[in-house]
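**Q** Fold the following.
(chains A and B)
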2 protein chains.
Amino acid sequence: MRDAFHDELNALNDRLVEMTSLVRSAISRATTALLDADLQLAESVISQDAEVNRLYAEIETSIFELMATQQPVAVDLRVAITALRMGGDLERMGDLAEHVAKIARMRHPDSAIPPEVRDTILEMGQIAERLVTKTGSCIANHDVELAKELDDDDDAMDRLHRRLFRVLLSKDWAHGIEPAIDITLTGRYYERYADHAVRVARDVVYLVTGSRPESNSAS
Amino acid sequence: MRDAFHDELNALNDRLVEMTSLVRSAISRATTALLDADLQLAESVISQDAEVNRLYAEIETSIFELMATQQPVAVDLRVAITALRMGGDLERMGDLAEHVAKIARMRHPDSAIPPEVRDTILEMGQIAERLVTKTGSCIANHDVELAKELDDDDDAMDRLHRRLFRVLLSKDWAHGIEPAIDITLTGRYYERYADHAVRVARDVVYLVTGSRPESNSAS
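**A** Numbering: from 1, shown residues only, chains lettered A, B, ... in the order given. Predicted structure coming up:
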């Protein structure tokens, strides 16, 4: 019985890794859709978020069944509850990628992103992808050392976020209010995406070590 | 043993209600701090968020202990896991109130809120308070009917959020980019605060009825 239980936990872990792949692909395509004003790509992100939600609902159901039938204790209980939390964070990352795609769709055929902030948004997208890729590896391999790296990537994201505001507030900004609103929201979505990736990686540390790493970032 | 368990669950419920009081007070003071450029009030919201976080950590610890020692099944298991989720949402609402207060602090001694959007922000603050007050009653009384009312308040919040953008994008907007950024973020914080209040109320419905109400709002 206990072995079947651990097989189930491993299967859950695989599905969490699968969620990281889906939300990595979502933020990657959302960034491209935003930068290239690619409506079709934006639509694909928006429609495929349902897949992320479905996977999360499956994970939630599996965990409830596991807990009801196997009544795990100690480490096993911690794993089950933490998986639930990780799934919730990953589901939210899917939403945030969808929000980015919706900004691309709203401004199509125009681009929401003026040339001055193109590079910054591109970098934010790349860091978001790097973060979630590492989060996926952390989950797959229970890699605590890798989890610690995510704080640095998150700091890089925060720096880019501040750079975005500097550009918006510079005297040279010539694009008016609407793009400023879009970019403010977009920056917030990438920043929150990164925060959730870091939370998931911290949960891996908690799973492996039994204690939570100190938080170095407010949100 | 089972009675002690239910006493513990009731105590947990009381602490969740206490969290709703704290985050209600936080958003109330944050709104006033923002509208009146009141630095001292803003600081009080920022420093007292630690209290919300402490309460959530206590709830989390209690639930883990409960689950480890009592191994709840069926309804009791659902209550325990859902309480964890509700606590997480309430903790986040505290963060969002803190974010609003930080905008007030950042612009002090100026006000971040120009006259044109003052009423809208005031109303958003009032709806946020109303939502969380109802959420508290839902938790306290396991009131499913009241939970359904929250969707209407959330719709009202969304309408105010759209009104905010209309003002920012009107030809008459004379305050430039910086206030537009502040207001965009502020609007997002209130909207997310409302979303989390609705999620908590939906969790009450789930607890009482065993099934989730249909979602009518994306986030």
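**Q** Quick one: check the helix or strand containing residue A:198 for contact with chain B.
**A** Following DSSP states H and E, one finds residue A:198 within helix A:177-209. Yes. Residues of helix A:177-209 contacting chain B under CB under 8 Å from any CB of the partner chain: A:177, A:178, A:180, A:181, A:184, A:185, A:188. Just so you know, the C-beta spots here come from the backbone N, C-alpha and C atoms, and that holds for glycine as well.
**Q** and those as a markdown table, adding neighbour count, distance to residue B:199 and pLDDT?
**A** Below are the residues of helix A:177-209 next to chain B laid out as a markdown table (neighbours: other CB atoms under 10 Å in any protein chain shown; distance: CB to CB, whole Å; pLDDT from 0 to 100):
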| residue | neighbour count | distance to residue B:199 | pLDDT |
| --- | --- | --- | --- |
| A:177 | 19 | 31 | 97 |
| A:178 | 15 | 30 | 97 |
| A:180 | 24 | 30 | 98 |
| A:181 | 24 | 26 | 98 |
| A:184 | 21 | 24 | 98 |
| A:185 | 19 | 21 | 98 |
| A:188 | 19 | 19 | 98 |
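**Q** by contact count, what packs against the helix holding residue A:198?
**A** The contact analysis (3 or more CB pairs under 8 Å, 6 or more residues apart in numbering or on different chains; DSSP states H and E) places helix A:177-209 against helix A:2-36, helix A:74-107, helix A:115-141, helix A:144-169, helix B:144-169, helix B:177-209.
**Q** need the residues of chain A near chain B, please.
**A** Proximity of chain A to chain B, by CB under 8 Å from any CB, involves residues A:64, A:67-68, A:71, A:73-74, A:77-78, A:81, A:84-85, A:88, A:95, A:165, A:168-169, A:173, A:177-178, A:180-181, A:184-185, A:188, A:218-219.
**Q** Geometric centre of chain A: which residue is closest?
**A** For chain A, the residue nearest the mean C-alpha position is residue A:93 (3.6 Å; CA atoms, centre = their mean).
**Q** ok, that one to chain B distance?
**A** 13 Å (CB to the nearest CB, to the nearest Å).
**Q** For residue A:63, which residues are in contact?
**A** The neighbourhood of residue A:63, defined by CB atoms under 8 Å, 6 or more residues apart in numbering or on different chains, consists of A:12, A:80, A:81, A:83, A:84.
**Q** same deal with residue A:168?
**A** A:117, A:180, A:183, A:184, B:177, B:181.
**Q** if I pick the first one, what's in contact with it?
**A** I take that to be residue A:117. By CB under 8 Å, 6+ apart, residue A:117 lies in contact with A:164, A:167, A:168, A:183.
**Q** Now the two most distant members of those residues.
**A** Within the contacts of residue A:117, A:167 and A:183 form the most distant pair, 8.2 Å apart (CB to CB).
**Q** Between these two, which is the more surrounded one?
**A** Neighbour count, other CB atoms under 10 Å in any protein chain shown: between residue A:167 and residue A:183, residue A:183 has more, with 25 against 16.
**Q** I'd like the contacts of residue A:168 laid out as CSV, including distance to residue A:127.
**A** CSV is the format used below for the contacts of residue A:168 (distance: CB to CB, whole Å):
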residue, distance to residue A:127
A:117, 15
A:180, 22
A:183, 16
A:184, 18
B:177, 25
B:181, 21
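**Q** Could you dump the helices and strands packed on helix A:177-209 into JSON lines and include distance to residue A:214?
**A** As requested, these are arranged in JSON lines below (distance: least, CB to CB, whole Å):
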{"stretch": "helix A:2-36", "distance to residue A:214": "24"}
{"stretch": "helix A:74-107", "distance to residue A:214": "18"}
{"stretch": "helix A:115-141", "distance to residue A:214": "17"}
{"stretch": "helix A:144-169", "distance to residue A:214": "10"}
{"stretch": "helix B:144-169", "distance to residue A:214": "35"}
{"stretch": "helix B:177-209", "distance to residue A:214": "25"}
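**Q** which regions of chain A lie under the pLDDT threshold?
**A** Along chain A, the parts satisfying pLDDT under 70 run over A:1-2, A:215-219.
**Q** try 90 this time
**A** Within chain A, the ranges that satisfy pLDDT under 90 run A:1-6, A:9, A:64-79, A:81, A:148, A:208-219.
**Q** What residues of stretch A:111-122 count as buried?
**A** Neighbour counts over stretch A:111-122 (16 or more other CB atoms under 10 Å in any protein chain shown) mark A:111, A:112, A:113, A:114, A:116, A:117, A:120, A:121, A:122 as buried.
**Q** returning to what we had before: pull out the buried residues from the helix holding residue A:198.
**A** Neighbour counts over helix A:177-209 (16+ other CB under 10 Å) mark A:177, A:179-207 as buried.
**Q** cool, stretch A:75-92 as well?
**A** So, applying 16+ other CB under 10 Å, buried residues of stretch A:75-92: A:76-92.
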